[in-house]
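Asker: Show me how the following folds:
(one chain, ligands or ions: 1)
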Amino acid sequence: MGDRLCEQVAIVTGASRGIGRAIACALAGEHASVVLVGRDVAALGQCGDEVAAAGGTAVVAPADMADEASLCEMVQSVAERFGRIDILINNAGITHSARLQETRTEDWDRCMAVNARGPFILCRQVLPILKRASRGRIINIASVVGVKGYALQSAYTASKHALRGMSIALAEELRGSSVRVHVICPGGVDTDMVGRVRPDISKDELINPLEIAEMVVYLVTHEGNAVVDELHVRRATAAPWFCG
Ligand SMILES: NC(=O)c1ccc[n+]([C@@H]2O[C@H](COP(=O)([O-])OP(=O)(O)OC[C@H]3O[C@@H](n4cnc5c(N)ncnc54)[C@H](OP(=O)(O)O)[C@@H]3O)[C@@H](O)[C@H]2O)c1
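Answerer: Residues are numbered from 1 along each chain as shown. Alright, predicted model coming up:
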């Protein structure tokens, strides 16, 4: 905890619960102004209270990742209010569990819209503002399924591969500039999402959302020439290097 992000403005999507909420509070611990994006306004408000208690300034900014207009309006209002954006955390995400044969086209489209298209729109809208900052940071939260494929998760897997692919291309476009793009690929994290998708994993074995949040703080505060492009984060009991 310190003030390394004092005066910086961070947008965190999916801040109403889970990993996003932990990230928002961790950035607040470094005194950032944190824009909390999601659809559940009451839950975003609760996160806002936690952000304030942690030492940050919270702005509740309801927006739907599947709705381009609401994302563009949100970015514009943040830019108008603060005159700057330093950090974008694309964390919001949804899963869909079904055999490919039983996956409806609308399930596929929804995963792609929330997990890949929304982050693309946000990157595009935020980049001109981010480039004006002395150090701009984009962190996209993908998943172990963005690296390998999981049965019964074809739509989710495809959307996370798309998110990683976009991130790699964007990092190349921005190579050597003041804006860096990072990807975090977690395995099972103790949130509502994993409770729904992998109820078979014991809660004791899951990664704490705070652990992912600590990695985000490292990535957005690290200054030097060394760049960590991507973090693969597995449960201690899961196979190393996402093998197996
Ligand atoms: N938990 C894991 O084991 C795990 C592992 C690897 C990767 N991940 C990734 O980590 C990220 C966070 O997951 P989590 O476990 O924290 O999930 P979670 O507890 O289900 O939270 C998901 C967040 O995304 C937001 N969201 C969902 N649809 C949205 C939409 N259409 N528009 C705006 N916000 C939306 C939700 O907010 P509202 O409901 O308020 O809209 C919520 O804040 C996701 O991208 C997920 O794929 C999770």
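
Asker: near the ligand, which residues of this structure show up?
Answerer: With the criterion set to CB under 6 Å from any ligand atom, the chain comes near the ligand through 13-14, 16-20, 38-40, 43, 64-66, 91-94, 114, 141, 143, 186, 188-189, 191-194. C-beta coordinates here come from the backbone N, C-alpha and C atoms, glycine included.

Asker: Just the buried ones from those residues?
Answerer: When the residues of the chain next to the ligand are checked for burial by 16 or more other CB atoms under 10 Å, the buried set is 13-14, 16-20, 38-39, 43, 64-66, 91-94, 114, 141, 143, 186, 188-189, 191, 193-194.

Asker: Sort out for me which of the residues of the chain next to the ligand are in helices.
Answerer: Assignment to helices by DSSP state H places the following of the residues of the chain next to the ligand there: Gly18, Ile19, Gly20, Ala43, Asp192, Met193, Val194.

Asker: Chain neighbours aside, what residue packs nearest to the third one?
Answerer: What that stands for is Gly20. Setting aside the residues directly before and after it, Gly20 is nearest to Gly14 in space (CB to CB, 6 or more residues apart in numbering), at 3.6 Å.

Asker: Arg164 versus the most centrally placed residue in the chain, what's the distance?
Answerer: Compute the mean C-alpha point of the chain, and by CA atoms, centre = their mean the closest residue is Asn91, 2.0 Å away. When distances are taken as CB to CB, to the nearest Å, Asn91 and Arg164 turn out to be 14 Å apart.

Asker: Can you give me the distance of Ala169 to Leu163?
Answerer: When Ala169 is compared with Leu163 (using CB to CB), they lie 11 Å apart.

Asker: what about those two, which has more around it?
Answerer: For the pair Ala169 and Leu163, the greater number of neighbours falls to Leu163 (25 against 11), based on other CB atoms under 10 Å.
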